[in-house]
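Undergrad: Sequence first, predicted model second:
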Amino acid sequence: MRMDKKIFAALGVLAAVAAAPAQAKDFRWSFQSDAVTMDPYNINETMTLGFVGNIFEGLIRRNEAFEIEPALATEWSTPEPTKWVFKLRQGVKFHNGNPFNADDVVFSYERASQKSSDVAPFVAGIKSIKKIDDYTVEVITDGPRPILLNEIGLWYIVDKEWAEANNAVQVGALAKGEENFATVNANGTGPFMLKLREPDVQTVLVRNPDYWGEIKSNVTEAKFTPIKSAATRVASFLSGELDMMYPVPLQDVDRINQKAGLKVLQNPEVRTIFLGMDQASDELKYSDVKGKNPFKDRRVRMAFYQAIDIEGIAKKVMRGASKPTALMIGRGIDGFDESVNKRFPHDPAAAKKLLAEAGYPDGFGITFDCPNDRYVNDEAICQAITAMLARIGMKVTLNAQTKAKHFEKLKAVDSSFFLLGWTPGSLDMHNTFFYNAACPPDMVAPGTTAGSGQASWNAGKYCNHKVDELLNRIAVEVDTDKRQALISEAMVLHKEDIGHLPLHQQALAWGVKDNVELAQNPDNTFTLRFVVVK
């Protein structure tokens, strides 16, 4: 399914991109946290995949208009509904000089499919990849795959010889603290190469002098510095130490816009922020309720939902820079259906009544896991929700920590109540649900098999076999109208289950110097090859 650039153009997500590179320049930018790893298979996290996407490439990529275009594959065809043939680009070299060919594609598929790989769902619908010749591969899918190109957009190709030589064939499981050579080193085919990696301090990329294609950017060296403190990040930007920083704290937008030579780019983002709950354990690990799990009762989940004043969060915490939602996907994602995007009402009195009916008239104690350096105002959102839940009698202990520790807990399925954000890399509903709302492998319906990587971010272990059945049909349905009907049905079921508590889509806010031109991607990834410093 081809993404329509009109969607994003209408949202106004495209910043100016220079037609031709100017004089070579250095570039300095910052985000509120570091890339978790340099291995593109370790974790499906937007910031990390976006960062390493400057170093690695896939068979396809997205241009500055966010349209799919050829990358390491020059063309593709579907001679049969379940067969794709990709012609590979010739003359491409990895950064260490090794030639790129079909062996690397087959190896990368096998490596990405490993149990420890967090990007396995990107290739989950693929049964096999076979080398036809050095520059042709045949892909066999387990059924018609209308969104194959969308799904493999963030499946980056790694060098087979390099991985084997450096004992990096196995993908390290981050949830278990496993690391290897590929975690802190990188060897891709992309327009920028890794020069220096100091985790949580700085990462330096340099232009690839032997890149196969055009690099519109005039940046020769790019230094990335993670700065967790919003105040410090803004101060560094205002003082001229940074050429670009994100996210801009919402309270500082006007301040930056009023300073000569600086501006804030604000546009909608396709990420949804939501809450998850452990709905599978017989007893919650982080609660004072013993012998049972309150979240197994829909009344408790609904009470939490109705206790949250999402409009108050939008106005006071997000300063108008968010759009409340009832769904796990937002506008700009294939499958979004406005007709079912209606939230249950905010009603604290009804919430207290539901808790009492469920057997918790005085509420109960629960630990709330939240990142403090990943999403826009993430800790502030969690603080607001903690206070709102207190008003219905809940005793919430907020556990706010860095995204690395937070994600580690979620990947280990070690949380009773948590906040998470999700941008489907495929820009399609199936991705969001496959990762977050499909049944975990140990809970699938009898006689069925979970897909590779299925439910790998479903830390609450939500499971509805009917939703799973619909997801399987959605994955192979080629008729657009029929597919949308299946998607809407699955979203209604999940919504009625209170499978998760959707909150909002946040807005992008990037601080940029006036002499910098770039493309502001709607998924909040940052692409260096479009940056021009005048």
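TA: Yep, that arrived.

Undergrad: all strands of the stretch 1-150 of the chain, in order?
TA: Chain-ordered strands for the stretch 1-150 of the chain, with DSSP state E, counting those that start in this stretch as the definition, fall at 25-30, 60-62, 68-70, 73-80, 83-88, 126-133, 136-141.

Undergrad: what would those strands look like in a markdown table with distance to Asp514?
TA: In this view, the C-beta of every residue, glycine as well, is placed from N, C-alpha and C. As requested, these are exported to a markdown table (distance: least, CB to CB, whole Å):
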| stretch | distance to Asp514 |
| --- | --- |
| strand 25-30 | 14 |
| strand 60-62 | 26 |
| strand 68-70 | 29 |
| strand 73-80 | 37 |
| strand 83-88 | 41 |
| strand 126-133 | 45 |
| strand 136-141 | 45 |
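
Undergrad: Just tell me which of these ends up closest to Ser322.
TA: Ranking those by their distance to Ser322 (criterion: CB to CB) puts strand 25-30 first, at 22.4 Å.

Undergrad: same for that closest one, what does it pack against?
TA: Under the contact criterion of 3 or more CB pairs under 8 Å, 6 or more residues apart in numbering; DSSP states H and E, the helices and strands touching strand 25-30 comprise strand 219-224, helix 230-238, strand 244-245, strand 532-533.

Undergrad: Save the ones you listed as CSV, and put in distance to Thr448 too.
TA: Putting these into CSV (distance: least, CB to CB, whole Å) gives the following:
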stretch, distance to Thr448
strand 219-224, 43
helix 230-238, 46
strand 244-245, 46
strand 532-533, 51
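
Undergrad: tell me the angle of the lengthiest strand in the chain relative to helix 230-238?
TA: Taking DSSP state E as the assignment, the strand of the chain that covers the most residues is strand 262-277. Here strand 262-277 runs at 150 degrees with respect to helix 230-238, directions being taken by axes from the mean of the first three to the mean of the last three CA atoms, to 10 degrees.

Undergrad: Could I get the average pLDDT for strand 262-277?
TA: Within the predicted structure, the mean pLDDT of strand 262-277 is 96.

Undergrad: Would you mark the buried spots in it?
TA: For strand 262-277, a neighbour-count test (16 or more other CB atoms under 10 Å) marks 262-277 as buried.

Undergrad: Also stretch 381-400?
TA: Counting neighbours by 16+ other CB under 10 Å, stretch 381-400 gives 381-386, 388-389, 392-394, 396, 399-400 as buried.

Undergrad: for stretch 303-318, same thing?
TA: Taking 16+ other CB under 10 Å as the neighbour-count basis, stretch 303-318 is seen to contain the buried residues 303-310, 313-314, 317-318.

Undergrad: first to last residue in it, what's the distance?
TA: Chord length of stretch 303-318, first to last residue, is 23 Å (CA to CA, to the nearest Å).

Undergrad: now it: how far from the chain's centre is it?
TA: From the chain centre to the centre of stretch 303-318 is a distance of 23 Å (CA atoms, centre = their mean, to the nearest Å).

Undergrad: Name the residues that touch it?
TA: By CB atoms under 8 Å, 6 or more residues apart in numbering, the list of residues contacting stretch 303-318 from outside reads 250, 275, 277, 320, 322-324, 343-348, 350-352, 354-355, 358, 376-377, 380-381, 384-385, 388-389, 391-392, 394, 498, 501, 503-504, 506-507.

Undergrad: Narrow the buried residues of stretch 303-318 to those in helices?
TA: 303-307, 310 (DSSP state H).

Undergrad: Quick one: those residues as a markdown table, columns for pLDDT and distance to Pro81 too.
TA: Rendered in a markdown table, the data for these read as follows (pLDDT from 0 to 100; distance: CB to CB, whole Å):
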| residue | pLDDT | distance to Pro81 |
| --- | --- | --- |
| Ala303 | 98 | 47 |
| Phe304 | 98 | 44 |
| Tyr305 | 98 | 41 |
| Gln306 | 98 | 45 |
| Ala307 | 98 | 48 |
| Ile310 | 98 | 42 |
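
Undergrad: what pLDDT does Phe51 get?
TA: Phe51 is assigned a predicted lDDT (pLDDT) of 98.

Undergrad: that older thread, nearest to Pro121, of the helices and strands packed on strand 25-30?
TA: Taking CB to CB as the measure, the helices and strands packed on strand 25-30 were each checked against Pro121, and strand 219-224 came out nearest at 27.1 Å.

Undergrad: can you list contacts of the closest one?
TA: 24-31, 35, 51, 54, 192, 195, 202-207, 528, 531-533.

Undergrad: so what strands line up beside it?
TA: Sheet partners assigned to strand 219-224 using DSSP bridges are listed as strand 25-30 (parallel), strand 202-207 (antiparallel).

Undergrad: in that strand, what's buried?
TA: Per 16+ other CB under 10 Å, strand 219-224 contains these buried residues: 219-220, 222-224.

Undergrad: Could you check how far that strand is from the centre of its chain?
TA: Per CA atoms, centre = their mean, the displacement of strand 219-224 from the mean C-alpha position of its chain is 24 Å.

Undergrad: before we move on, what about stretch 276-290?
TA: Using CA atoms, centre = their mean, the mean C-alpha position of stretch 276-290 is found 26 Å from that of the whole chain.

Undergrad: buried sites along that stretch?
TA: Along stretch 276-290, the positions that meet the burial threshold by neighbour count (16+ other CB under 10 Å) are 276-281, 284, 286-287, 289.

Undergrad: Which ones among those lie within strands?
TA: Among the buried residues of stretch 276-290, the subset assigned to strands under DSSP E consists of 276-277.

Undergrad: In helices, which of the buried residues of stretch 276-290 appear?
TA: Going by DSSP H, the helices hold none of the buried residues of stretch 276-290.

Undergrad: So which of the strands of the stretch 1-150 of the chain is the most surrounded?
TA: Of the strands of the stretch 1-150 of the chain, the one with the most neighbours on average (mean count of other CB atoms under 10 Å) is strand 60-62, at a mean of 22.

Undergrad: what comes into contact with it?
TA: The list of residues contacting strand 60-62 from outside it, by CB under 8 Å, 6+ apart, reads 68-71, 73, 149, 152-153, 521.

Undergrad: do the same with stretch 383-401
TA: Here stretch 383-401 makes contact (CB under 8 Å, 6+ apart) with 275, 288, 303-304, 307-309, 312-313, 316-317, 348, 351-352, 355, 360-372, 378-379, 382, 417, 419.

Undergrad: Just the terminal-to-terminal distance for it.
TA: Its first and final residues considered, stretch 383-401 spans 13 Å by CA to CA.

Undergrad: and if you look at stretch 165-185?
TA: The first and last residues of stretch 165-185 sit 13 Å apart, counting by CA to CA.

Undergrad: likewise stretch 71-86?
TA: The first-to-last residue distance of stretch 71-86 comes to 11 Å (CA to CA).

Undergrad: Please state the mean pLDDT value computed over that stretch.
TA: 97.

Undergrad: Just give me how far that stretch sits from the chain centre.
TA: Averaging C-alpha positions (CA atoms, centre = their mean) puts stretch 71-86 26 Å from its chain's average.
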